[in-house]
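In: Prediction below, plus the sequence it came from.
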Amino acid sequence: MNFESILFPEIDDKRPLVISGPCSAETEEQVMTTAKELSAAGVKIFRAGVWKPRTKPGGFEGVGIPALKWLQQVKKETGMYTATEVATEKHVYEALKHGVDILWIGARTTANPFAVQEIANALQGIDIPVLIKNPVNPDLELWIGAIERIYNAGLRKLGVIHRGFSSSDKTIYRNMPQWHIPIELKRRFPTLPIICDPSHISGRCDLLLKISQQAMDLNYYGLIIESHHSPDDAWSDKNQQITPSILEELLNTLIIRNTVQTTENLSELRSQIDELDNELLQLLSKRMRVSREIGQYKIEHNMPILQTIRYDHILNDRVKQAKSMDMSGEFIKQVLESIHSESVRQQMVVMEKNKK
Ligand code: PEP
Ligand code: MN
């Protein structure tokens, strides 16, 4: 896939591209007040949810078509571009009919290939920027599949929104960032613009700056941040919305590192990393060879491959050691689990061969 890396040549000359506005369009007054304050703060793209996916029925499910008229009004009065979420064919037709400039596909929709295909069919041959949020579950292939469906409908002005992934673990985040997933997406599709949504990642205002800064340090292209002229009165996502003036402050606080040139010092450090990775691989390959020898020994002595007590002991011991070496126990546990599962696989191959 080949994407246009600049979505809005008129406005995105400098990082970050900022999209802001309320979670939901609630009333004409709320939309217009928020939009005018944002425009005064220098924001050029206005977001507002017109149709809202809610976990349970009975909540505020969005104003629908009348809100599209308010977005037209925003465009007319402030000159901002407008963006909204579409989840069905009907949403696409209505949004296009009312001149919405940018569409986004929500996290729940991205997780559903039928819905994404329906949207792709409705967009066939239409040249409009579409931003695809990550699916709620941490599934990179599902995310890429959704991008491909829209791409295959002929659209090229595509971007993605990283809004975090749901998890059953209780964490400080509303949705876990799992940065490695968007980083891997960027590695596979370097020209695909990535926008971070710290509002839905954190679910709370006090983490917005930290997450936005992390996104900028990872060279993200833009930020989509929810704002409301009076967050306490918001009809949805009230804990994560900030006022336009707080947004302005946040944007002014961000440190944007733009240097692409590699300095000599950095090259030196990078070659050290290459060398260390090489040593790691050599060591791992040596460790696997020993594992295979152990596998052979177990066969000859009629022992099962998995010796849980020994494995528990290794884990506890190494975690303790790693902590004393300034690494997180969780990190080393994950590394050892991966190494252990590869060792078990290699020992099983040895067993298989012995059967023949
Ligand atoms: C939203 O942007 O308001 C929204 C519903 O987001 P998500 O699809 O990421 O939950
Ligand atoms: Mn929201």
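Out: Yep, it's here. No experiment lies behind these values; they were computed from the predicted model shown. Ligands and ions are numbered 1, 2, ... in the order given.

In: CA atoms for contacts and neighbours, from now on please.
Out: OK.

In: just checking, Thr243 touches His228?
Out: Yes: counting by CA atoms under 8 Å, Thr243 touches His228, with 5.3 Å between them.

In: So for the two, which sits in the more crowded spot?
Out: A direct count of neighbours by other CA atoms under 10 Å for Thr243 and His228 places His228 higher, at 29 against 20.

In: Touching, that one and Gln240? I think so.
Out: No: under the criterion of CA under 8 Å, His228 makes no contact with Gln240, lying 9.8 Å away.

In: can you give me the strands in the chain?
Out: Assigned strands in the chain, in chain order: 17-21, 45-47, 81-85, 102-105, 130-133, 158-162, 194-196, 222-226 (criterion: DSSP state E).

In: The spatially most central residue of the chain: what's it in contact with?
Out: The residue lying closest to the centre of the chain (CA atoms, centre = their mean) is His162, at 2.2 Å. If you count contacts by CA atoms under 8 Å, 6 or more residues apart in numbering, His162 has them with Lys133, Asn134, Pro177, Pro182, Ile194, Ile195, Cys196, Asp197.

In: Domain parsing of the chain, as residue ranges.
Out: Domain assignment for the chain, taken from automatic domain parsing, gives 17-253, 267-355.

In: can you tell me the distance between the two ends of the last one?
Out: Start and end residues of domain 267-355 are separated by 50 Å (CA to CA, to the nearest Å).

In: tell me, how many neighbours does the residue in the stretch 151-300 of the chain positioned nearest to ligand 1 end up with?
Out: Nearest residue of the stretch 151-300 of the chain to ligand 1: Arg163, at 5.3 Å (CA to the nearest ligand atom). Residues near Arg163, counting by other CA under 10 Å, number 27.

In: for ligand 1, what are the nearby residues on the chain?
Out: Cys23, Gly49, Gly106, Ala107, Arg108, Arg163, His200 (CA under 6 Å from any ligand atom).

In: that older thread, next, work out how far apart the residue nearest to the centre of the chain and Pro138 are.
Out: Counting by CA to CA, the gap from His162 to Pro138 is 11 Å.

In: How confident is the prediction for the residue in the chain positioned nearest to ligand 1, by pLDDT?
Out: Minimum separation of the chain from ligand 1 (CA to the nearest ligand atom) falls at Gly106, amounting to 3.4 Å. On pLDDT, Gly106 comes in at 98.

In: Show the pLDDT at the nearest residue to Ser230 once chain neighbours are set aside.
Out: Using CA to CA, 6 or more residues apart in numbering and skipping the chain neighbours, the partner closest in space to Ser230 is Thr243 (6.6 Å). Predicted confidence (pLDDT) for Thr243: 98.

In: sorry, back to before: ok, the residue of the chain closest to ligand 1 - contacts?
Out: Here Gly106 is in contact with Glu85, Val86, Ala87, Ile132, Lys133, Asn134, Pro135 (CA under 8 Å, 6+ apart).

In: mind redoing it with 10 Å?
Out: Gly106 sits next to 52-53, 84-87, 116, 131-136, 161, 163 when contact means CA atoms under 10 Å, 6 or more residues apart in numbering.

In: what's the answer for Leu284, then?
Out: Taking CA under 10 Å, 6+ apart, we find Leu284 in contact with Asn278, Val290, Ile339, Ser343.

In: just for the stretch 1-150 of the chain, where's the confidence low?
Out: With pLDDT under 70 as the threshold, the stretch 1-150 of the chain has low-confidence stretches at 5, 12.

In: What segments of it are helices?
Out: In the stretch 1-150 of the chain, the helices defined using DSSP state H, counting those that start in this stretch lie at 28-40, 65-78, 89-97, 107-110, 113-123, 140-152.

In: Touching the shortest one from outside, list them.
Out: Taking contacts as CA under 10 Å, 6+ apart, the residues outside helix 107-110 that touch it are 53-55, 85-88, 115-117, 119, 132-137, 142-147, 161-165.

In: From these, list just the buried residues.
Out: For the contacts of helix 107-110, a burial check counting by 16 or more other CA atoms under 10 Å picks out 53, 85-88, 115-117, 119, 132-137, 142-147, 161-165.

In: Make sure Leu38 is actually in contact with His228.
Out: Yes: Leu38 is in contact with His228 according to CA atoms under 10 Å; the separation is 9.3 Å.

In: Can you pull out the low-pLDDT segments for the stretch 201-350 of the chain?
Out: The low-confidence ranges in the stretch 201-350 of the chain, as defined by pLDDT under 70, are 259-261.
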